[in-house]
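Colleague: Any chance you could fold what I've pasted below:
(chains A and B)
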2 protein chains.
Amino acid sequence: MAYGYIGSMRARPGRRDEVVAILLSGSDGLRAAGCRLYLVARAADDPDTIWVTEVWESRERHQESLRLPETRAAIERATPMLTGEFTGRELDVAGGLGVPDA
Amino acid sequence: MAYGYIGSMRARPGRRDEVVAILLSGSDGLRAAGCRLYLVARAADDPDTIWVTEVWESRERHQESLRLPETRAAIERATPMLTGEFTGRELDVAGGLGVPDA
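Modeller: Have a look, this model is predicted:
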């Protein structure tokens, strides 16, 4: 069963678009690291929250990706624009329409 | 910008797999209704919670789908197996790896 993750982060006022751009910039590297879905979205009901839904081949591949230089660089660029308020949930992906077979 | 939705629901003890099966059974109808992603997942840290992440062509298509006979039938079948505890967030989908262009 593929590993999934749903998380949210809060940008500082006016900085959300910049953080979204950083999150979207890493797609090629993510695929090579074992990511199959990396959905980035803005909360529709508030101006600062960003939601991500991720699907990875395994939990291990996800953990390993956090140690990649490009991931660390992206986190470093985004952190000053974030308040530090995060939520996160680990998931066992069952499947569904459009969900890649991890 | 595509419409997104992240939601959770809580199954009654021992009934989660049946609810997951119902949620997974509607894929063909969902695509015809304008859904581009319907990810179903089990919370990894508790035995009862189900998470869904959805991407739709528009908020209207999503609302319309809730009135479809097959959607109503699925909700009717699942409801007795649910506790009634739901969360839900509406999203503006920015994109990302594996995210279909809605």
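
Colleague: All the strands of chain A, residue numbers only.
Modeller: A:3-11, A:35-43, A:49-56, A:82-95 (DSSP state E).

Colleague: want to throw the ones you listed into TSV with mean neighbour count and distance to B:Gly84?
Modeller: C-beta here means a position set from N, CA and C on the backbone, and glycine is covered the same way. Below are the strands of chain A laid out as TSV (neighbours: other C-beta atoms under 10 Å in any protein chain shown; distance: least, C-beta to C-beta, whole Å):
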stretch	mean neighbour count	distance to B:Gly84
strand A:3-11	21	21
strand A:35-43	24	24
strand A:49-56	24	24
strand A:82-95	16	20
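
Colleague: a markdown table please, covering these and showing distance to chain B.
Modeller: As requested, those are exported to a markdown table (distance: least, C-beta to the nearest C-beta, whole Å):
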| stretch | distance to chain B |
| --- | --- |
| strand A:3-11 | 5 |
| strand A:35-43 | 4 |
| strand A:49-56 | 4 |
| strand A:82-95 | 4 |
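
Colleague: Turn those strands into TSV, columns for mean pLDDT and distance to B:Leu66.
Modeller: Formatted as TSV, the strands of chain A follow (pLDDT from 0 to 100; distance: least, C-beta to C-beta, whole Å):
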stretch	mean pLDDT	distance to B:Leu66
strand A:3-11	98	22
strand A:35-43	97	20
strand A:49-56	98	21
strand A:82-95	97	21
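
Colleague: And A:Asp101, what's its pLDDT?
Modeller: Note on A:Asp101: pLDDT of 75.
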